[in-house]
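Asks: coordinates only, sequence not included:
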């Protein structure tokens with residue numbers, strides 16, 4: 001049997017304006033790409049597999065680079081559509097992000113510090129063609145692509161559609177981690193619980209917890225969700241770290257952050273955390289230890305731009321540095 005950890009989700013080509021105005025053009029993005037690269041740091045060669053679809057004009061150099069990083073790309077399907085309107089993420093001086101923006105560029109602006117007028121021109125583009133949002137709507141991860149001879153030892157579901165997630169969750173795997181999508185908005189609470197019960201670790205963001213509970217007290221919300229679902233919950237809380245509920249020990253922890261040296265691109269930090277968390281658990285680390293290791297990997301990830309460059313740290317270093325990540329039990 002071939003042991004695999006599968007990371008299912010979306011692809012994209014990103015453009016990023018950092019908080020200091022530097023423009024990074026046409027970088028590898030996509031939630032499962034970020035997660036898989038983070039997982040590869042902790043995993044054996046060729047054990048990490050990406051399940052995603054890419055458009056016809058997706059750069060082949062990215063697929064080649066993933067292969068060179070010993071990531072299995074055999075489940076990446078090439079579709080017939082072309083996508084010319086790529087993602088744009090704009091970060092303000094306060095670190096807040098503007099997203100849901102798409103641009104089409106014909107000039108090379110990579111590495112340039114944009115003026116206020118240049119940034120305004122980017123943001124004022126009127127999208128009139130097929131975007132990555134359209135592509136993601138039309139092509140969701142397909143569980144039927146997983147070969148029967150593979151022994152799936154873990155699965156991470158990056159944000160996608162509810163129907164895609166349900167298809168995976170109905171087939172049980174030894175470890176399932178779920179980073180939910182916007183489908184949480186408006187879902188009945190009992191339906192949310194049914195989804196979470198099929199996971200081993202549910203990993204919402206602070207924003208996504210607000211979709212479930214109209215409560216600013218994250219600790220209370222996490223305890224409630226864990227109690228009702230009976231599973232592990234890790235709530236990503238941005239610059240404040242994360243909140244971890246270990247359902248086996250029935251304990252709640254606050255986990256802080258690892259201080260990054262220089263923030264280059266915050267995009268994909270949460271996905272990197274999820275990927276590293278999944279891989280750390282596969283390695284045998286308990287939930288709290290895995291969360292601290294994942295915190296280090298995510299901190300190091302945002303010191304580089306593209307998803308395929310985010311493996312500049314070894315497993316041994318990540319584990320060692322995780323001891324410096326603050327944590328405490330919340331009674």
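Replies: Nice, thanks for sending it over. Since the model is a prediction, treat every value here as computed from it, not as a measurement. Numbers count the residues shown, from 1 in each chain.
Asks: just checking, residue 7 touches residue 35?
Replies: Yes: the criterion here is Cβ atoms under 8 Å, and residue 7 meets it with residue 35 at 4.8 Å. C-beta coordinates here come from the backbone N, C-alpha and C atoms, glycine included.
Asks: which residues do these two both contact?
Replies: The contact sets of residue 7 and residue 35 overlap at 156, 158, 275, 278 (Cβ atoms under 8 Å, 6 or more residues apart in numbering).
Asks: do you know how far residue 245 is from residue 215?
Replies: 15 Å (Cβ to Cβ, to the nearest Å).
Asks: between the two, who's got more neighbours?
Replies: Taking other Cβ atoms under 10 Å, residue 245 and residue 215 do not tie; residue 245 has more neighbours (25 against 12).
Asks: and the helix or strand where that one lies, what does it pack onto?
Replies: Secondary structure from DSSP states H and E places residue 245 in strand 242-246. If you count contacts as 3 or more Cβ pairs under 8 Å, 6 or more residues apart in numbering; DSSP states H and E, strand 242-246 packs onto helix 218-229, strand 232-236, strand 251-255, helix 287-301.
Asks: Now do the helix or strand where residue 88 lies: distance to the chain's middle.
Replies: Taking DSSP H and E as the criterion, residue 88 maps to strand 86-91. A distance of 16 Å separates the centroid of the chain from that of strand 86-91, by Cα atoms, centre = their mean, to the nearest Å.
Asks: Packing partners of it?
Replies: Looks like strand 86-91 contacts strand 12-17, strand 97-103, helix 116-123 (3+ Cβ pairs under 8 Å, 6+ apart).
Asks: which residues are in contact with that strand?
Replies: 12-19, 26, 29, 97-99, 101-105, 119, 122-123, 131-132, 266-267.
Asks: Tell me the secondary structure of the nearest residue to residue 175 once chain neighbours are set aside, please.
Replies: Excluding its sequence neighbours, the residue lying closest to residue 175 (Cβ to Cβ, 6 or more residues apart in numbering) is residue 154, at 4.0 Å. The three-state assignment at residue 154 reads strand, by DSSP: H, G, I helix; E, B strand; the rest coil.
Asks: Verify the contact between residue 154 and residue 280 for me.
Replies: No: Residue 154 lies out of contact with residue 280 (Cβ under 8 Å); the separation is 10.5 Å.
Asks: remind me which residues of the protein are low pLDDT?
Replies: Scanning the chain for pLDDT under 70 picks out 261.
Asks: Spatially central residue for it, please.
Replies: The centroid of the chain falls nearest to residue 271 when counting by Cα atoms, centre = their mean (1.8 Å).
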